[in-house]
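In: could you look at this predicted model? Sequence included:
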Amino acid sequence: MNRFIRRIGDFSARRPWTTIGAWAVLAALVIALSGALGGAFADDFSAPGSESAEAIELLEERFPEQAGGTAVAVFAAPDGQQVESFRPGVESALAQVATIEHVATVSDPFATGRVSADGRVAFAEITLDVPSTEFGRDTAATLVGALEPARAGGVQAEFGGDAAFLNAEEESSGAEVVGIVAALVVLLVAFGTVVAALLPILLALVAVGVGLSGVVLLAGGLTTSTAAPTIGAMVGLGVGIDYALFIVSRYRNELSRGLDKEQAVGRAVGTAGSAVVFAGLTVIVALAGLTVVGIPFLGEMGVAAALTVVIAVLIAVTLLPAVLGFAGDKIHGRLPGMRGGPKPGRASMGERWARFVGRHRVAVLGTAIAAVAVVAIPAASMQLGLPNDATAAPESTQHKAYELVSDGFGPGANGPLMVVVDTAGSTDPQGAVAATAKRITDLGTVVMPPQANRTGDTTIMQVIPKTGPSDVATEDLVADIRAAATQLQDSTGADIAVTGQTAANIDVSDKLSDAMLPYLLLIVGLAFLLLMLVFRSLVVPLKATIGFLASVAATFGAVVAVFQWGWLADALGVEATGPIMSMLPILMIGVLFGLAMDYQVFLVTRMREEYVHGAPAGEAMVSGFRHGARVVVAAALIMTSVFAGFVFAEDTLIQSIGFALAVGVAVDAFVVRMTIVPAVMALLGRSAWWLPRWLDRLLPNVDVEGERLVEPPRDEQPERTPVPV
């Protein structure tokens, strides 16, 4: 395989203008198509096939006026005053809201009694003739503006509810810029030249630009989550910089060995490029695998990120060699005042660390495992939930609306449940509805008057919990209502289902929780098979997958400590704590798996390369670590910096994803790959590379380490001055 990839690199390097021109045409075409055919992004937090989703489908068929989205307009008088005193302004605002596109009905809070006990807060219920996801950001912004008459009259007016949250205006945090600047600093220190430092960043930006244009194009035909572009940019930037970094580093290393420019490009792409392809495939498969979970918005995030990774891999093995052909000798050297590596005869820091770990392998291994175990402890207390107005940015109108409703009416008013009673098969429809209302009331909730459709075969009733949408008690209430519904169905003949956004969020969280273990097993199995193929060993894949699981556990623990318990929340700018976003663990598993395999492949491939070329197992570990440690450290620092930049985003979901991936990369790179891996390799020696002969014959030889790449004899190669790398 490496010969094929090397030929691709050789072709690109020999015909740089052809390669660059092809990429320019492709980028222009994708950007043009995305502008012409691309669509808008929207969130659809639903679980197809769940009870809540099937209930909505029933309403769309029999009770369409109740199947649309919902929102609220909340009004609050100044402290010590009554909202009734500002009634003209409130009614004027609501009259404007009623004229907005897709607004079906607007209730009068004064007529329906939606005024708080102290008279200060009131809210109007808004029903839509489309799902909340189809309301649109522009229409939501228009609705916010329609509340201005109330504000002009002296009251606070906010827009909340599902339609407000799902169509909120996206805030730009500049997180990408923070990550890019940090990456540039790391690359300057690692390479010491502006050309070598800028090249990976520029190519990563090209990959992200083309990839995100493809995501916009995808949104033209499919509903695509608003978080998909951010996830795509986050992952694309990280892997794009890393992949270019690995190949550029190997190219510089080959130049220092005395190879000419063309030979160095071929060797770098044939070895490091092959590793990039395998590492990229793991990321792509893991991310694309999110589509099988059965949650549309999660699959959309995975596809968006996978698309940018595909582009990053293609750029690394085609466009990068072409640019290296132009860069030539400018890719190496050092800026004035920057060190060029260890002095002759002195071991590098990576080599010294590898030998230290080798000498004290048992103590180092025990310490590292204990540290990971301690960090992972909070993971046992993880609670999952979906984002809502409570997790929105504190200054957003939807978060303010949530707080006002909670203060005036209790937290449960922000997450009403909708109970749908299908009486088509009941002999006593009215009795079935009455029995249902009584049973739910007995559970300690407030049940609003039932509403029946025109044919009388479907009735809905709104249930107000005592607790907020994300509280465990609300989840228990939904479970209790559903349990009671099963009993009522036997006695009344009516089909009873619980829906509404709160119930839908619970269903999604349950489905994600159920899918997490199978998905994790799929990922672990994939990792084992892939690494067995690459390293031709049983022990190395086993060690790698166990290390990955340790990284996942430690990352879960850190996320729970910060975003659920609130540790260091102020220092990190986390303004809303609570249950962990239910899609975060499974999304993090997919992304972190790919990144963890990156470092495993790039670090251990060099160890195997030394081993198959005749070095003893112990020396192969040290030598491979010496060559690979510096670039893996730089890559991990870059990836951690890129992800950490997103911790400063306004959106809590993006904050938590950025934090989780930054911690996950740091733990996996520095604790697992840079500490546990060499310790285990030193402990096992030659046994680490054991593979049964019958299995060795069955497995294809992909030769990622480049054993088959034969260079011209040293005395036939032109003389070059060694360049420190």
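Out: Thanks, I have it. If you're wondering where the values come from, they're calculated on a predicted model, not measured in any experiment.

In: after whatever helix or strand E403 lives in, next one along is what?
Out: Per DSSP states H and E: E403 is located in helix 397-409. Per DSSP H and E, helix 397-409 leads on to strand 417-422 as the next helix or strand towards the C-terminus.

In: domain assignment for the protein?
Out: Per automatic domain parsing, the domain ranges recorded for the chain read 1-42+171-339, 65-166, 350-381+517-706, 417-499.

In: out of those domains, nearest to G408?
Out: domain 65-166 (3.3 Å; CB to CB). No exception for glycine: its C-beta is placed from N, CA and C like everyone else's.

In: ok, the closest residue to A77 other than its chain neighbours - how many residues close by?
Out: Leaving aside its sequence neighbours, A77 sits nearest to V83 (CB to CB, 6 or more residues apart in numbering; 4.4 Å). Per other CB atoms under 10 Å, the neighbour tally for V83 reads 26.

In: okay, V83: pLDDT?
Out: Note on V83: pLDDT of 95.

In: before we move on, the earlier item: same list (the domains of the chain) but as CSV, adding distance to A401.
Out: Conversion of these to CSV gives the following (distance: least, CB to CB, whole Å):
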stretch, distance to A401
domain 1-42+171-339, 17
domain 65-166, 3
domain 350-381+517-706, 15
domain 417-499, 13
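
In: out of those domains, nearest to Q398?
Out: Here domain 65-166 is closest among those (CB to CB), at 4.2 Å.

In: can I get stretch 520-528 as CSV, trimmed to CA atoms?
Out: C-alpha atoms of stretch 520-528 as CSV (Å, rounded to 0.1, in the frame of the first residue of the first chain):
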residue,chain,number,x,y,z
LEU,A,520,-18.0,1.5,22.0
LEU,A,521,-17.6,-2.3,21.4
LEU,A,522,-17.8,-1.7,17.7
ILE,A,523,-15.1,1.0,17.9
VAL,A,524,-12.9,-1.2,20.1
GLY,A,525,-13.3,-4.1,17.8
LEU,A,526,-12.4,-1.9,14.8
ALA,A,527,-9.3,-0.6,16.5
PHE,A,528,-8.1,-4.1,17.4
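
In: give me the mean pLDDT for it.
Out: Averaging pLDDT along stretch 520-528 yields 82.

In: buried set for it?
Out: Buried residues in stretch 520-528, counted by 16 or more other CB atoms under 10 Å: 520, 522-524, 526-528.

In: before we move on, what about stretch 147-161?
Out: Quick answer for stretch 147-161 (16+ other CB under 10 Å): 147, 149-150, 153, 155-161.

In: re earlier: and the buried residues of stretch 520-528, which two are furthest apart?
Out: Longest span within those, CB to CB: L520 and F528, 12.6 Å.

In: hang on, the earlier thing: identify each buried residue in the helix holding E403, please.
Out: By neighbour count, with 16+ other CB under 10 Å as the criterion, the buried positions of helix 397-409 are 397-406, 408-409.

In: tell me the one among these nearest to A27.
Out: Among these, Q398 lies closest to A27 (CB to CB), at 36.7 Å.

In: surely that closest one and F165 touch.
Out: Yes: counting by CB atoms under 8 Å, Q398 touches F165, with 5.1 Å between them.

In: hey, what's in contact with both of the two?
Out: 389, 392 (CB atoms under 8 Å, 6 or more residues apart in numbering).

In: mind checking which of the buried residues of stretch 520-528 are in helices?
Out: Judged by DSSP state H, the subset of the buried residues of stretch 520-528 located in helices is 520, 522-524, 526-528.

In: in this protein, what residue spans correspond to strands?
Out: Here the chain has its strands, by DSSP state E, at 70-76, 103-106, 121-128, 156-160, 384-385, 417-422, 446-447, 451-452, 458-464, 495-499, 580-581.

In: distance to I311 for these - can I get that in JSON lines?
Out: Below are the strands of the chain laid out as JSON lines (distance: least, CB to CB, whole Å):
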{"stretch": "strand 70-76", "distance to I311": "38"}
{"stretch": "strand 103-106", "distance to I311": "41"}
{"stretch": "strand 121-128", "distance to I311": "37"}
{"stretch": "strand 156-160", "distance to I311": "38"}
{"stretch": "strand 384-385", "distance to I311": "32"}
{"stretch": "strand 417-422", "distance to I311": "43"}
{"stretch": "strand 446-447", "distance to I311": "53"}
{"stretch": "strand 451-452", "distance to I311": "51"}
{"stretch": "strand 458-464", "distance to I311": "47"}
{"stretch": "strand 495-499", "distance to I311": "40"}
{"stretch": "strand 580-581", "distance to I311": "27"}
